[in-house]
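>>> Sequence first, then the predicted structure, then my questions.
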Amino acid sequence: MTNQELADLIFPNITKTPSDYEAMYPDRNLSEGAKVVRFAPSPTGFMHIGNMMSATINYVLARSSGGVFYLRNEDTDQARSVEGAIEFIYHTLNHYGINPQEYEFKGKTVGNYGPYIQSERIDIYHAYIKYLISIGKAYPCFLTSEELTEIREYQSKSKKRIGIYGRYAKFRDVSNDEAARRIKNGEKFTIRFRSEGDFNKKFVFEDLTKGKIEMPENDIDVPIMKSENLLPTYHFAHVVDDHLMRTTHVVRGEEWMSSVPIHYELFKAFSFKMPKYIHTSLILKKDGDTIRKISKRKDPEALMFFYEEKGYPALAVIDAVLTIANSNFEEWRTNNPLKPFYEFSFSPKKMSSSGALFDLDKLDNISKNYISKMSAEELFEQYREWAKKYDQRVYELINKYKDDTILFLNIEREGKKPRKDYENYSSIFSKTWYLYDEEWNRELKYDFGKINNKEEIVKIMEEYLNNYYNKDDTEEEWFNKIKELCEDMGYAANMKEYKENPEKFKGNVADFTTAIRVLLTTSSMTPNLYDIMNILGKDRMLKRLEIFKNNY
RNA sequence: GGCUCGUUGGUGAAAUGGUUAACACAUUGCCCUCUCAAGGCAACAUUCACGGGUUCAAAUCCCGUACGAGUCACCA
């Protein structure tokens, strides 16, 4: 029996040939230097920070070069497939605005190089596998999983290299007639690539970030098609898909580096041009004294849910990711504070070659800066959108007190050096809650400082509200009145004078305003008192004074 | 165990043979100040995992050691 006959026996219904597909998916007509890249997740888990980094780098690479960014759903492992994973991937990409130009989702296909879901490409893979069998470069293998385990154990015990190669490739040289007999007999089989590599020979390939790397040739007869669902393995799908979709650059995690010899040989077997590789280093996590790979199970910040729930602005997260991904980015960002991130030209050479810790403090800082540059109205809208999804109580309150909330968020916001006190939307409420009467009444834990005598505080407040407060005062007028009252009551209005002779006064302006501040908010740490008083207005201040009288 | 990658301060890192090891975050202190935040100023690696070598000169080049990581599935 010839190789061609064996190929026909295995794939009787496959009529298209590789050259048919070559014609169907011609070279992309793009300008010089345009990069074609992909985000190719497998829906076996939820999108995590490592995926995010890969997707972001791909997106930037495509956008900044005028190329194409497409999404390929690598669903060949159907046993481990997780419900909702692919939806969450699309949701997350959309949330961060890194949308693919070509994709296939919920029955809708965009792009001319699809299908973009691997399970729908089965005929294509089969055509290429059939071709390999017909030229003798692939063969059916009938090793059972028990036999495989046996071989592995033997190799590991006798300290030999693990894998199906050389004499362990039992079915490599079985005659076609014998193979055909077993197939007709209904035996399960996998298709293995017939490797011609020599482990003792080296080849060199260039990784765009790590540089030239020398590796031994592959000599393992890797499976290229699985026996159960007849889908290809990752290695084979990578070669066929990235070739047919005309990918120019493959960005993937460092864990793929050791598979390069396999991919190298596979590309060579078809005479395909190899894409350029960018292997990204892992994102690590400091756990006590040890540093380890970030874990989806142990580290909440590993999963992209975390950042949405906490309410970090999408662009802040992207900047934090790019800061880790490319050492140039931070400098570029300080020089181009307003430019969209995708205008940054990502250089693989500037990528860290060692794993980096994802620093949540750094994210907080980036995020504070982002939020401080938003207008109060814009912040309010983002805050409200977040609350609608994650905190119903906050959502209701800020809708009820919309104007007050915006006024509060606007305190010391406009201007060259805005306040930077919110790192994400979920932290806003803990710094604004006293603005809302119903929250304020809930528990009154006054945090007074030097002046904590009830009579004195009441006296200060009554005096101030009855004889000094005027809602139309400017900040300067307001402060002058405070100082005036303060002096009348025996406190130092001038800090220098106070520091020189503290014994001459009952206290100073700071003590004085703290008393007012705490009475009105219960907190000794708030933004500008002048603004807070104006937002509350005289009636609510009087009400809070009454409540204070009854509760302190 | 084989193969491969890596190792600069608490974190991200710059510097690719030339002389005080950038910058950002974090931390600490001071200043400013009605508190807080912000802002300003300053401190924080006598040293670049360790040991050799090359050189007038090394974090930077070479060799070795240690440690860390990845991978060695019909998982991606």
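Done, it's in. Here the structure is a predicted model, which means the values were calculated and not measured.
>>> doesn't A:Glu217 make contact with A:Lys201?
Yes. The pair A:Lys201 / A:Glu217 is scored as a contact, 5.0 Å apart, by CB atoms under 8 Å. Any C-beta I mention is one placed from the backbone N, CA and C, and that applies to glycine too.
>>> which of those two has more neighbours?
Shown here are A:Lys201 and A:Glu217; by other CB atoms under 10 Å, A:Glu217 has more neighbours (17 against 9).
>>> Pull the contacting residues for that one.
Residues near A:Glu217 by CB atoms under 8 Å, 6 or more residues apart in numbering: A:197-199, A:201-203, A:261, A:264-265.
>>> If we use 6 Å, what do you get?
Going by CB atoms under 6 Å, 6 or more residues apart in numbering, A:Glu217 touches A:197-198, A:201, A:203.
>>> now do A:Pro140
Listed by CB under 6 Å, 6+ apart, the contact set of A:Pro140 reads A:179, A:189, A:191.
>>> is it in a bridge, and if so with what?
A:Ile191 (DSSP bridges).
>>> With A:Tyr277 instead?
Those that pair with A:Tyr277 in a beta bridge, by DSSP bridges, are A:Asp207, A:Val250.
>>> I'd like the distance between it and A:Ile213.
Applying CB to CB, to the nearest Å, the value for A:Tyr277 to A:Ile213 is 10 Å.
>>> what about these two, which has more around it?
Set side by side, A:Tyr277 and A:Ile213 show more neighbours around A:Tyr277, with 21 against 14, by other CB under 10 Å.
>>> who in the stretch 51-200 of chain A is up against RNA strand B?
By the rule CB under 7 Å from any atom of the strand, the part of the stretch 51-200 of chain A lying against RNA strand B is A:74, A:76-77, A:80, A:143-145, A:148, A:152, A:159, A:161-164, A:188-190.
>>> For the stretch 451-552 of chain A, which segments count as helices?
For the stretch 451-552 of chain A, the helices defined by DSSP state H, counting those that start in this stretch cover A:454-467, A:475-488, A:495-500, A:509-521, A:529-551.
>>> and the angle from the fourth one to helix A:454-467?
Counting by axes from the mean of the first three to the mean of the last three CA atoms, to 10 degrees, helix A:509-521 lies at 90 degrees to helix A:454-467.
>>> Any residue of helix A:509-521 touching RNA strand B?
Yes. Against RNA strand B, helix A:509-521 shows contacts by CB under 7 Å from any atom of the strand at A:509-510, A:513-514, A:517.
>>> Remind me what that helix packs against, helices and strands.
helix A:454-467, helix A:529-551 (3 or more CB pairs under 6 Å, 6 or more residues apart in numbering; DSSP states H and E).
>>> Got the domain ranges for chain A?
Domain assignment for chain A by automatic domain parsing gives A:3-15+A:122-280, A:375-439, A:443-551.
>>> Am I right that A:Ile183 is in a helix?
Yes. Judged by DSSP: H, G, I helix; E, B strand; the rest coil, A:Ile183 forms part of a helix.
>>> what pLDDT does it get?
A:Ile183 carries a pLDDT value of 94.
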